[in-house]
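Peer 1: Next come a sequence and a model predicted from it.
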Amino acid sequence: MPKMSPMSSHWIRLYMSAAFAALSVSACSQIKYHSQEATIATHQNRLAAAKSPYLLQHSGNPVAWYEWGEEAFAKAVTEDKPIFLSIGYAACHWCHVMERESFENKGIAEILNRHFIAVKVDREERPDVDDIYMTAVQLMTGSGGWPLSVFLTPDLKPFYSGTYFPPEERLGRPGFRQLLEGIARVWKERRADVERSGVELVQAVANVSAHQSRSGDVAAGLFDIAVRAVGGAFDSLNGGFGPAPKFPPTGQIELLLRAFKRTCNRDYLTMAERTLKAMASGGIFDQLGGGFARYSTDAAWRVPHFEKMLYDNALLTLNYLDAFLITGDEFYAAIARRTLNWALTELRDPAGGFHSSLDADSEGHEGRFYIWTRQEVDALLGPDAAALIGLVYDVSDEGNLEGGASILRIAMPVSEAALRLNLDTGDAARRVEAARSKLLAARSRRIRPATDDKVLTDWNGLMIAALARAGRALGEEAYLTAATEAARFVKEHLDQEGSLLHRYRSGEAGIEGMLEDYAYLISGLLELYRATFDEEWIVWAEDLTGRMVTRFGDADKGGFLLAAERPDLAVRQKAARDGATPSANALAGQALLELHQLTGREEYRQIAEATAKAFAGSLSSDPGSHSRLAILCSALTSPAMQIAVAGSTDDPE
């Protein structure tokens, strides 16, 4: 999540004593805590009826959890208690840590149950809820992350927050137990101040949304401004943009590749290629099984945060395919294939949709499934092959991780390793492939990370696009078949009676679709239409577009709100910044423009132009965060080339 400046407001000083001054601890902290009182409850709470795998992980906690909904809100009003809102997701390592340390702790659970209404939210099921309270946390603390821990008034206004909290005070940081007791006292003794703070903070969140949706003129120069901003942040040593931790910069890469195609300036291609090759060579890419982890904890892409997300792998596949189409370099095609084959093997539902993620943890430890010691490699491969693998993939006695373990990354080319070991390069390459197969087979016998098997409409839309483009670019029918089956899965299970739903799991679809669901799915369907020319997909895309405009469109100011109006949303946000996933407004605008080009309907172009205009001012002031909106502006201000092919299907020529 991008960092934001802390909110400057009198309420923070009302009760943030010196002991409370450092409550917010980064979710990426490497400090580990262990609670001596932690015990696993043997009963089940209300989350036992949930569909979310993340919520089900907490169904045995002694905490009296509620799902986000009217039952919890009414309970808070009736008992006049604040809400403790905990937001996370199934693959999140630090969410697991806080559960083990605090939510399985009977003493802490007793305090939570006595003084608060505890509510658990899967941020992947309710990104609209997460967006609101993540913004609030960033305003209060200057940073954000998961698990997200927020205290709300019964009418859902946030007044205190943080991310991960240790169970007891450590290194000058207050513990979760201390925090709960302090917040309970503040609720009783300073109620008016707390409620006033909640009102102010909700207004501040609304102000952020307004700041992120400033209108302006859609000019061709906006694209160039964004390209210069991205280029100015380029890490020429390691690839990527900015310092660690580094997330896959899929929007920036797409922007640079488009800039190269438009200008033939090789600097843009060099930045994109260096980043793509650095990621594919690093530990963030699974060198054995394929697929990318969520981010790198270091600047050189070496040590990943081990969870694997469907959306990252779909977006990165699109990047690598585009690089292949531009350069013809088979390296990029190979990474795209390995990534898609991983997704088809590890995340595909038997009925055709795609599951959400693989956990960071296995056997209670982050990354255990993926790491190796030199002793393990020696025993499995023998000393000669282990020596070769050690050079190529950076496996040594010392290890490249704490404790002497290693994550596989490409440390040197096979040709250089062969030279050092006095081997023929071709023979060395064959030995490396044979060793990789043995390592992968051995790894498959380990205890696997858990799969979050819910199917999300928006993320499946991205994977449909990746598979369809791969089928077209690589000439592989299997990818087109998989894209078609995923689209049919979504149509059958998640588009019901004119209502697009967000989540499917265990035979049940639910949760009203948000802008991302519509925009990502429409984009995927248009990619599938381009690959197959099956009119079914463009007809469905047009139908979804009409519903999207009606449900989320801002007729007065242009653009789209991120969620439909709901009583459980304190703010309806509107933004076009890219995050870990693309801006839904930008993708909606791009889809509308493409529909205009395909159908000739002028209203599609008008809505696309209004969308770009609604956020053009935000793009001008923060161009580095609006790569996909810049691409939309470029498309709107550049002449479109259309080629018509006419002929008879009976003509053999």
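Peer 2: Thanks, I have it.

Peer 1: how about the strands of the stretch 151-300 of the chain, start to end?
Peer 2: 158-162, 295-296 (DSSP state E, counting those that start in this stretch).

Peer 1: Format those as JSON lines; extra columns: mean neighbour count and mean pLDDT.
Peer 2: (Glycine included, C-beta is placed from N, CA and C.) Below are those laid out as JSON lines (neighbours: other CB atoms under 10 Å; pLDDT from 0 to 100):
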{"stretch": "strand 158-162", "mean neighbour count": "26", "mean pLDDT": "94"}
{"stretch": "strand 295-296", "mean neighbour count": "22", "mean pLDDT": "96"}
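
Peer 1: Mind putting those strands into TSV with distance to Gly282?
Peer 2: Shown next, in TSV, are the strands of the stretch 151-300 of the chain (distance: least, CB to CB, whole Å):
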stretch	distance to Gly282
strand 158-162	31
strand 295-296	7
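
Peer 1: and of those, who's closest to Gly617?
Peer 2: strand 158-162 (27.4 Å; CB to CB).

Peer 1: what lines up beside that closest one in the sheet?
Peer 2: In the sheet, strand 158-162 lines up against strand 148-152 (antiparallel) (DSSP bridges).

Peer 1: Run the chain-centre distance for the strand it pairs with.
Peer 2: 21 Å (CA atoms, centre = their mean, to the nearest Å).

Peer 1: May I have it as CSV, with CA atoms only?
Peer 2: Taking Å, rounded to 0.1, in the frame of the first residue of the first chain, the C-alpha atoms of strand 148-152 are listed here in CSV:
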residue,chain,number,x,y,z
LEU,A,148,-5.6,-4.2,9.6
SER,A,149,-6.8,-3.5,13.1
VAL,A,150,-9.4,-0.7,13.4
PHE,A,151,-11.6,0.5,16.3
LEU,A,152,-15.0,1.8,15.2
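
Peer 1: what sits up against it?
Peer 2: 82-88, 116, 123, 130, 133-134, 136-137, 158-165, 183, 198 (CB atoms under 8 Å, 6 or more residues apart in numbering).

Peer 1: Quick check, central residue of this structure?
Peer 2: For the chain, the residue nearest the mean C-alpha position is Ala580 (4.5 Å; CA atoms, centre = their mean).

Peer 1: thought it was touching Asp312?
Peer 2: Yes: counting by CB atoms under 8 Å, Asp312 is a contact partner of Ala580 at 7.4 Å.

Peer 1: Next, show the common contact partners of the two.
Peer 2: Joint contacts of Ala580 and Asp312 (CB under 8 Å, 6+ apart) are Arg294.

Peer 1: end to end, how far does stretch 356-368 reach?
Peer 2: 20 Å (CA to CA, to the nearest Å).

Peer 1: what comes up buried for that stretch?
Peer 2: For stretch 356-368, the neighbour count (16 or more other CB atoms under 10 Å) marks 356-362, 366-368 as buried.

Peer 1: With distance to Glu307, pLDDT and secondary structure as new columns, can the residues you listed be given to me in a markdown table?
Peer 2: Output for the buried residues of stretch 356-368, formatted as a markdown table (distance: CB to CB, whole Å; pLDDT from 0 to 100; DSSP: H, G, I helix; E, B strand; the rest coil):
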| residue | distance to Glu307 | pLDDT | secondary structure |
| --- | --- | --- | --- |
| Ser356 | 10 | 98 | strand |
| Ser357 | 6 | 97 | strand |
| Leu358 | 7 | 97 | strand |
| Asp359 | 6 | 94 | coil |
| Ala360 | 4 | 92 | coil |
| Asp361 | 8 | 91 | strand |
| Ser362 | 11 | 91 | strand |
| Glu366 | 9 | 92 | strand |
| Gly367 | 10 | 94 | coil |
| Arg368 | 13 | 95 | coil |
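
Peer 1: avg pLDDT for stretch 613-628?
Peer 2: For stretch 613-628, the per-residue pLDDT values average out at 96.

Peer 1: what's the span of it, first residue to last?
Peer 2: End to end - CA to CA - stretch 613-628 spans 14 Å.

Peer 1: same check, this time on stretch 153-164
Peer 2: For stretch 153-164, the end-to-end distance is 21 Å (CA to CA).

Peer 1: Could you list the domains of this protein?
Peer 2: 12-211, 221-363+451-637, 370-443 (automatic domain parsing).

Peer 1: my guess is Ala442 contacts Ala379, does it?
Peer 2: No: counting by CB under 8 Å, Ala442 does not reach Ala379; the two are 9.6 Å apart.

Peer 1: out of those two, which sits in the more crowded spot?
Peer 2: Legend: neighbour count by other CB atoms under 10 Å for Ala442 and Ala379, higher for Ala442 (16 against 12).

Peer 1: Just list the residues touching the more buried one, thanks.
Peer 2: Leu380.

Peer 1: what about it, helix or strand, and which?
Peer 2: helix 425-443 (DSSP states H and E).

Peer 1: Same check on Arg530?
Peer 2: Here Arg530 is assigned to helix 515-532, by DSSP H and E.

Peer 1: CA atoms of that helix as PDB?
Peer 2: C-alpha atoms of helix 515-532 as PDB (Å, rounded to 0.1, in the frame of the first residue of the first chain):
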ATOM      1  CA  LEU A 515     -16.500  -1.800 -10.100                       C
ATOM      2  CA  GLU A 516     -13.400  -4.000 -10.300                       C
ATOM      3  CA  ASP A 517     -15.600  -7.000 -11.000                       C
ATOM      4  CA  TYR A 518     -17.300  -5.300 -13.900                       C
ATOM      5  CA  ALA A 519     -14.200  -3.600 -15.400                       C
ATOM      6  CA  TYR A 520     -11.800  -6.500 -15.100                       C
ATOM      7  CA  LEU A 521     -14.300  -9.000 -16.400                       C
ATOM      8  CA  ILE A 522     -15.300  -6.800 -19.400                       C
ATOM      9  CA  SER A 523     -11.600  -6.400 -20.200                       C
ATOM     10  CA  GLY A 524     -11.100 -10.100 -20.100                       C
ATOM     11  CA  LEU A 525     -14.100 -10.800 -22.300                       C
ATOM     12  CA  LEU A 526     -12.800  -8.300 -24.900                       C
ATOM     13  CA  GLU A 527      -9.400 -10.000 -24.900                       C
ATOM     14  CA  LEU A 528     -11.200 -13.300 -25.400                       C
ATOM     15  CA  TYR A 529     -13.300 -11.900 -28.200                       C
ATOM     16  CA  ARG A 530     -10.100 -10.600 -30.000                       C
ATOM     17  CA  ALA A 531      -8.600 -14.100 -29.700                       C
ATOM     18  CA  THR A 532     -11.700 -16.100 -30.800                       C
END
